[in-house]
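**Student:** Predicted model follows, preceded by the sequence.
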Amino acid sequence: MNRKSERISLANLAGAFGVRGEIKCDPSNAGRTLFVAGAHFYLESANDAREVVVSAVREHKGRLLIRLEGVDSVEAAQALNGAELTVERERIELDPDEYLDDDLIGLEIQNLDGRCFGKVERVEHWPSSDMLVVGGRMVPMVRAIVRAIDLGAGVVTVDPPRGLLDGDEA
């Protein structure tokens, strides 16, 4: 397995909500279920790295609002804007055919004949589907195109429609 780090990103903190220390939280799909009162995470930012405990969680308009122990004011919450919550990789439970973004980044994109189109630069999450970005082009992560992902070999096998990766017009 392509382990880039022992801790993975679980959520980004997006500023204060209200005046009592609630924080707007944008979790990854894989980590959303881990947000419960009493959960322990690591907070990482440019000037802070420490373990934190979630004291409360609620949903508001599709976003999570969390309280962290010791964060009791709007100023304290706002100071965490842009910080990231991370968690040990082992705490994330994945279903078959689910992958962490960190594990996909750097994999080689090949067609069924073995032709290489480059490496996955990043993963973007769109309402229609997740997208692998390779060479500035987006490859939808749908079964019709992504045929296999082999983390051990470091390869994503794709069957792209004409023009998606090779630059030809469809």
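**Tutor:** Perfect, I can see it now.
**Student:** okay, CA-based contacts and neighbour counts for the rest of this
**Tutor:** OK.
**Student:** Can you show me the strands along this protein?
**Tutor:** 7-17, 22-27, 40-45, 48-60, 63-68, 84-88, 108-111, 116-119, 122-125, 130-134, 137-140, 146-150, 155-158 (DSSP state E).
**Student:** Pop the domain breakdown of this protein in here.
**Tutor:** Domain assignment for the chain by automatic domain parsing gives 7-90, 101-158.
**Student:** Quick test: name the residue nearest the centre of the protein.
**Tutor:** With distances taken as CA atoms, centre = their mean, Ser28 lies nearest the centre of the chain, 4.8 Å away.
**Student:** For that residue, what are phi and psi?
**Tutor:** phi -70, psi 160 (degrees, to the nearest 10).
**Student:** Surely it is in contact with Ala11?
**Tutor:** Yes: the criterion here is CA atoms under 8 Å, and Ser28 meets it with Ala11 at 5.7 Å.
**Student:** Count the residues that sit near Arg65.
**Tutor:** Careful, residue 65 is Leu; it's not Arg. The number of residues packed near Leu65 is 22, by other CA atoms under 10 Å.
**Student:** Also Phe17?
**Tutor:** With other CA under 10 Å as criterion, Phe17 counts 18.
**Student:** measure it to Asp95 for me?
**Tutor:** Going from Phe17 to Asp95 by CA to CA, to the nearest Å gives 33 Å.
**Student:** one step back: among the strands of the chain, which is nearest Ala77?
**Tutor:** strand 7-17 (5.0 Å; CA to CA).
**Student:** Need the contact partners of that closest one.
**Tutor:** Residues from elsewhere that reach strand 7-17 (CA atoms under 8 Å, 6 or more residues apart in numbering): 22-28, 30-32, 65, 74-75, 77-89, 102.
**Student:** so what's Ala170 scoring on pLDDT?
**Tutor:** Per-residue pLDDT puts Ala170 at 41.
**Student:** Kindly state the beta-bridge partners for Gln110.
**Tutor:** Bridge pairing for Gln110 (DSSP bridges) gives the partners Cys116, Thr157.
**Student:** which residues touch it?
**Tutor:** 116-118, 155-158.
**Student:** a markdown table please, covering these and showing pLDDT.
**Tutor:** What follows is those, written out as a markdown table (pLDDT from 0 to 100):
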| residue | pLDDT |
| --- | --- |
| Cys116 | 94 |
| Phe117 | 94 |
| Gly118 | 95 |
| Val155 | 97 |
| Val156 | 97 |
| Thr157 | 97 |
| Val158 | 96 |
